[in-house]
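A.B. asks: Here is a sequence together with a model predicted from it:
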Amino acid sequence: MDDGRLLVEQARSDPHAFGQLFDRHYDEIYKYILHRTANPELAQDLTSETFFKALNKLWTFRWQNVPFLAWLYRIASNEINGFYRKHKNFKSIPMEEIVDGSSTEYREFKEELKSAEEEISKNLLFLELHQALTCLKNRYQDVITLRFFENKKVKDIAEILNKSEGTVKSLLHRALKQLQAILDMPQKKSGKNLKREAL
């Protein structure tokens, strides 16, 4: 039994072992949620909720060729999608505040993002892309975030989303096509007036 699997088995009855799992995987789960929400405070809340759910449901986890981290990603994805279903009008940092950099939230976000993903924190590209991503259905946001922000392989994404590799490839193709169409729209159509698609 490898170290990761042994630790999960120990965590079923040992809170200290679960704490080690938390320390091992927190940064990766937080970064994923931050990429989906573009809001550091919300990302922290949803990451905490993800691990709380994982702790309460750990007894239900079975390996069956699905790694523990993939299971955590699945919980995180459900938490994100559940949040957006309940808060349909939720907005990330307003673009007009991003332009002049005046908001405290923006400055805090920039610091968080720099530590999470250095190469995209240097300019507005991530926030502009995130604004376009939020116009896509949740399943498309999932595959794009996992593939291009988290650098997950198709096989890993299939495990996380509990779908076949062929389905993931198809979702990626459709998601990229729709994302490109949104990015090609004039700013007045692709900006804050563009409504997010139905879930």
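C.D. replies: That came in fine, so what should we check first?

A.B. asks: worst-scoring helix or strand of this protein, pLDDT-wise?
C.D. replies: None of the helices or strands of the chain scores lower by mean pLDDT, DSSP states H and E than helix 95-100, at a mean of 44.

A.B. asks: so how far is the helix or strand hosting Ser170 off the chain centroid?
C.D. replies: Secondary structure assigned from DSSP states H and E places Ser170 in helix 165-183. For helix 165-183, the separation from the chain centroid amounts to 17 Å (computed by Cα atoms, centre = their mean, to the nearest Å).

A.B. asks: Let me see the mean pLDDT of that helix.
C.D. replies: Along helix 165-183, the predicted local confidence has a mean pLDDT of 91.

A.B. asks: name the helices or strands packed onto it?
C.D. replies: Packing contacts for helix 165-183, counted by 3 or more Cβ pairs under 8 Å, 6 or more residues apart in numbering; DSSP states H and E, involve helix 125-133, helix 138-144, helix 154-161. For every residue, glycine as well, the C-beta is placed using N, CA and C.

A.B. asks: what about those, which gets the closest to Glu28?
C.D. replies: With Cβ to Cβ as the criterion, Glu28 lies closest to helix 154-161 of these, at 11.6 Å.

A.B. asks: Show me the contact partners of that closest one.
C.D. replies: Contacts made with helix 154-161 from outside it, assessed by Cβ atoms under 8 Å, 6 or more residues apart in numbering, are listed as 65-67, 70, 73-74, 77, 139, 142-143, 146-147, 152, 163-165, 167-169, 172.

A.B. asks: With stretch 74-88 instead?
C.D. replies: 29, 32-33, 36-37, 42, 46-47, 49-50, 53-54, 57, 90, 138, 142, 160-162, 196, 199.

A.B. asks: then it to PDB, C-alphas only?
C.D. replies: Output for stretch 74-88, consisting of C-alpha atoms alone and laid out as PDB, is shown next (Å, rounded to 0.1, in the frame of the first residue of the first chain):
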ATOM      1  CA  ARG A  74     -15.000  16.300  -7.500                       C
ATOM      2  CA  ILE A  75     -16.200  17.600  -4.100                       C
ATOM      3  CA  ALA A  76     -14.700  21.000  -4.800                       C
ATOM      4  CA  SER A  77     -16.400  21.100  -8.200                       C
ATOM      5  CA  ASN A  78     -19.700  20.300  -6.600                       C
ATOM      6  CA  GLU A  79     -19.200  23.000  -4.000                       C
ATOM      7  CA  ILE A  80     -18.400  25.600  -6.700                       C
ATOM      8  CA  ASN A  81     -21.400  24.600  -8.900                       C
ATOM      9  CA  GLY A  82     -23.700  24.600  -5.800                       C
ATOM     10  CA  PHE A  83     -22.500  28.100  -4.900                       C
ATOM     11  CA  TYR A  84     -23.300  29.400  -8.300                       C
ATOM     12  CA  ARG A  85     -26.700  27.800  -8.400                       C
ATOM     13  CA  LYS A  86     -27.600  29.600  -5.100                       C
ATOM     14  CA  HIS A  87     -26.000  32.900  -6.000                       C
ATOM     15  CA  LYS A  88     -26.800  33.400  -9.700                       C
END
